[in-house]
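K.L.:
Give the three-dimensional model of this entry:
(4 chains)
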Number of protein chains: 2
Amino acid sequence: MSDRPNPPEKHELISQLYAELSLTSDELTQLAAAYSVARYAKGDTILHEGDTVEYQYYVQSGCLRTYYLDGSGREHTIQFAITDWWISDYTAFFSQEPALLHIEVLADAVLYRISKADMDRLYLEIPALERFYRMKMERAFARFQKRILANLSQSAKERYQSFVTSYPDIEQLVKNYHIASYLGITTESLSRIRRELSNH
Amino acid sequence: MSDRPNPPEKHELISQLYAELSLTSDELTQLAAAYSVARYAKGDTILHEGDTVEYQYYVQSGCLRTYYLDGSGREHTIQFAITDWWISDYTAFFSQEPALLHIEVLADAVLYRISKADMDRLYLEIPALERFYRMKMERAFARFQKRILANLSQSAKERYQSFVTSYPDIEQLVKNYHIASYLGITTESLSRIRRELSNH
DNA sequence: GGAAAAAATTGATCTATGATAAGAAAGAGT
DNA sequence: ACTCTTTCTTATCATAGATCAATTTTTTCC
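P.N.:
Modelled structure (predicted):
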């Protein structure tokens, strides 16, 4: 359950989320109207491969992951998301092609979701959102580049160490087999790595 | 050398590049003024790790790659760029932190470059650019996600086959050891994969 | 056209991780 | 508190790819 007993009033949260934009009161009201709150329990899957991706989600509390099922039925975790992070199958959200990814709730979550239809309308009505989301995409791109670099140049052990250093909260929250699937190794290999690291 | 004997007039190219935006003549003139043409020879390095990244480049002709040098001095190719593609160390371009990547010219190139200072000014003067670059970042993000998925879920042989299928022009243009470093394997492993594939 | 350099291939051996199986530990439900 | 399920660890064997070295092929330069 979220450590915040109740989510804040929607309008207050939207004000904080877009604080850097200095939007007018009317613009904030428009934005707040476009968001809806969605609560999910641990274990829920809120997107399945093949679905149309209607929403992106802002995580007010909880923990989620996106994952891909390969041809052999193995799960590959693409991203985790905790409080103050965003989550969707972004590729499918942008293109409106069927989802490639699943989204699973790893800890009870309160999410604020907004549809692509509303996003597209609001880009026209509140042009400052273009800049906000361009810069958000730049940061997301940078995180993926860092991930590609790590996958190309680091051993599994090094990648695990980076993960633990960069995301201690997530490391504590999620199961080891999810971490293994994020790192691209099996749970047995992760166990060996953890044993080696604890024997130093 | 470029298969186009001369680059088109700058204004014409900028018109085509931003055709979807239906910019005014004045806006196109402003944009064209911000771009400069840069010609490089095969073998040039136009960005080094540690540099401030002042420009992003549109490739009018030629071929380039970005690469990262790891702690052991090995090169990891992050992206290639051919005609009509963009290239930079984007993470450092956005953040203005020192470059992590190098950019090398693999075939004589004609590039159109624009500085971040000009970009930032033009975002304010031509707001339609915000949308153009947000959507460009969305597509770039999607390509990186596809790359992460492939790295997590495919064997080296599968990744090479996807590469050849997706980028036949690049496969013909660049050296095998660059392809190997893009795929995250050694040149010896790539040779063995190529032999296996040619014996089927 | 020839020499030198670069790129690519091949072979032998090694290593990190995968596959499989079994067992232990932790968590969930009653 | 107990039982069942889920998660995690460990052992053994297999494999994809790395490392190292040598050779061949291709490209570059004069």
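K.L.:
mind listing what residue A:136 touches?
P.N.:
By Cβ atoms under 8 Å, 6 or more residues apart in numbering or on different chains, residue A:136 lies in contact with residue A:86. Using the backbone N, CA and C atoms, a C-beta is placed for each residue, glycine as well.
K.L.:
And the pLDDT for it?
P.N.:
As predicted, residue A:136 sits at a pLDDT of 95.
K.L.:
And for residue A:142?
P.N.:
Reported pLDDT for residue A:142: 95.
K.L.:
Leaving out the residues flanking it, which one is nearest to it?
P.N.:
Nearest non-adjacent residue to residue A:142, counting by Cβ to Cβ, 6 or more residues apart in numbering or on different chains: residue B:91, 4.1 Å away.
K.L.:
Now do the strands in chain A.
P.N.:
A:36-40, A:45-47, A:55-69, A:75-81, A:86-87, A:102-115 (DSSP state E).
K.L.:
Burial check on residue A:166, number of neighbours?
P.N.:
Look at residue A:166: counted by other Cβ atoms under 10 Å in any protein chain shown, it has 12 neighbours.
K.L.:
Wait, residue A:191 touches residue A:177, no?
P.N.:
No: Residue A:191 is not in contact with residue A:177 according to Cβ atoms under 8 Å; the separation is 10.0 Å.
K.L.:
Contacts only, for residue A:156.
P.N.:
A:183-185, A:189-190, A:193.
K.L.:
do residue A:180 as well
P.N.:
A:186-187, A:189-190.
K.L.:
Now neighbour count, distance to DNA strand D and pLDDT too, for these, in TSV please.
P.N.:
TSV is the format used below for these (neighbours: other Cβ atoms under 10 Å in any protein chain shown; distance: Cβ to the nearest atom of the strand, whole Å; pLDDT from 0 to 100):
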residue	neighbour count	distance to DNA strand D	pLDDT
A:186	14	8	96
A:187	14	4	96
A:189	15	8	96
A:190	19	6	97
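K.L.:
Count the residues that sit near the residue nearest to residue A:142.
P.N.:
Number of residues near residue B:91 (other Cβ under 10 Å) recorded here: 22.
K.L.:
quick one: it and residue B:100 touch, right?
P.N.:
Yes: when contacts are counted by Cβ under 8 Å, residue B:91 is listed as touching residue B:100 (6.6 Å).
K.L.:
where along chain A do the helices fall?
P.N.:
A:10-17, A:25-34, A:90-95, A:116-125, A:128-153, A:156-166, A:168-173, A:176-183, A:187-198 (DSSP state H).
K.L.:
and residue A:82, how many neighbours does it have?
P.N.:
Counted with other Cβ under 10 Å, residue A:82 comes out at 19.
K.L.:
I'd assumed residue A:28 was in contact with residue A:126.
P.N.:
No: using Cβ under 8 Å, residue A:126 is not in contact with residue A:28, being 9.3 Å away.
K.L.:
Tell me the residues of chain A that contact DNA strand D?
P.N.:
A:175-177, A:187-188, A:190-192, A:194-195 (Cβ under 7 Å from any atom of the strand).
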